[in-house]
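Colleague: Quick one: sequence plus predicted model below, questions after.
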Amino acid sequence: MNQPSEPRANPHDPNDTRLGSQLSGNRTAVADDQIKRAGMAKQLRRVTQIVMDVERWLATTMLGVLLIVMGSQVIARYMFRAPFSWSEEAARLSMIWLTFLAASRVMAEGRHITVDLWSSRLRQNARQWWDALACIVVAATCGALCVGGLRFVWYVHPVASPALGIPKSIWYGALSVGLLLMTLHNILNLVWLSCVRQPLDQLGASADRSSRDRQISATVDIQTRTDIHTRTTGAKPT
């Protein structure tokens with residue numbers, strides 16, 4: 001025979017001692033989940049920050065090379081009447097790599113031009129799903145373009161530039177590297193959404209590390225309180 005199930009604790013009855021133990025167990029479970037998600041979020045942020053720092057330094061290097069080459073060309077042409085034959089190719093190559101490295105960094109910071117007419121009207125949970133869908137679409141698009149671009153890079157590798165003799169794969173490889181980094185950033189954003197479960201724009205992409213860590217803790221703490229209330233009363237707070 002089936003034994004009758006134990007009745008649930010009544011949150012409105014102050015004499016019901018089962019409520020305290022149930023609430024304590026819920027708090028313990030949710031607190032462990034909070035610590036785990038906060039740790040994953042900080043580790044993910046650290047990995048993302050490393051990739052962004054590498055992009056920033058490489059883009060800065062390309063910009064420095066571009067300025068030095070163009071400045072040297074101006075001096076050589078108008079002061080010594082002996083212009084360099086390779087300066088245009090070097091400047092063009094630096095500009096190409098600078099463009100795609102900076103594009104990836106800007107995507108990581110969420111500063112690309114977007115139309116938020118629809119997403120700004122959504123509620124928090126809906127915006128989270130909307131952000132996840134956008135990350136999936138962008139990651140799939142950039143990944144497909146990267147794979148197709150790699151085939152072309154391999155095809156033009158034997159061809160070298162006339163002045164510098166650099167293989168064309170180095171020139172067109174900038175596009176594939178930039179697309180690969182954009183794909184990586186969108187995958188990291190998807191993992192971020194699954195860990196913190198908050199829209200990306202609430203995390204402040206341009207915030208410094210210390211303020212971001214405080215924001216992570218505050219965000220997870222709010223989610224923890226919501227989970228405790230839901231598990232205890234069976235209803236989400238309004």
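Modeller: Done, it's in.
Colleague: only C-alpha atoms for contact and neighbour calcs from this point on.
Modeller: Noted.
Colleague: so where's the chain shaky on pLDDT?
Modeller: 1-32, 198-238 (pLDDT under 70).
Colleague: What ranges does it have for its helices?
Modeller: Per DSSP state H, the chain carries helices over the ranges 18-78, 87-108, 124-155, 168-196, 209-233.
Colleague: So for W118, which of those helices sits nearest?
Modeller: helix 124-155 (9.5 Å; Cα to Cα).
Colleague: which of the residues in the closest one are buried?
Modeller: 127-128, 130-132, 135-136, 138-139, 142-143, 146, 149-150, 153 (16 or more other Cα atoms under 10 Å).
Colleague: Show me what it is packed against.
Modeller: The contact analysis (3 or more Cα pairs under 8 Å, 6 or more residues apart in numbering; DSSP states H and E) places helix 124-155 against helix 168-196.
Colleague: L175 touches G149, doesn't it?
Modeller: Yes. If you go by Cα atoms under 8 Å, L175 and G149 touch, sitting 7.4 Å apart.
Colleague: Would you mind putting the helices of the chain into JSON lines with distance to P162 alongside?
Modeller: JSON lines is the format used below for those (distance: least, Cα to Cα, whole Å):
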{"stretch": "helix 18-78", "distance to P162": "17"}
{"stretch": "helix 87-108", "distance to P162": "9"}
{"stretch": "helix 124-155", "distance to P162": "18"}
{"stretch": "helix 168-196", "distance to P162": "10"}
{"stretch": "helix 209-233", "distance to P162": "46"}
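Colleague: Out of those, flag the one nearest V115.
Modeller: Closest among the helices of the chain, using Cα to Cα: helix 124-155, at 12.0 Å.
Colleague: what residues are up against the closest residue to M62 other than its chain neighbours?
Modeller: By the measure of Cα to Cα, 6 or more residues apart in numbering, the closest residue to M62 outside its immediate chain neighbours is S94, 5.1 Å from it. S94 sits next to 62-63, 65-66 when contact means Cα atoms under 8 Å, 6 or more residues apart in numbering.
Colleague: What is the neighbour count of R105?
Modeller: Neighbour count of R105, defined by other Cα atoms under 10 Å: 23.
Colleague: For it, list the residues it contacts.
Modeller: Neighbours of R105 in contact, by Cα under 8 Å, 6+ apart: 52, 55-56.
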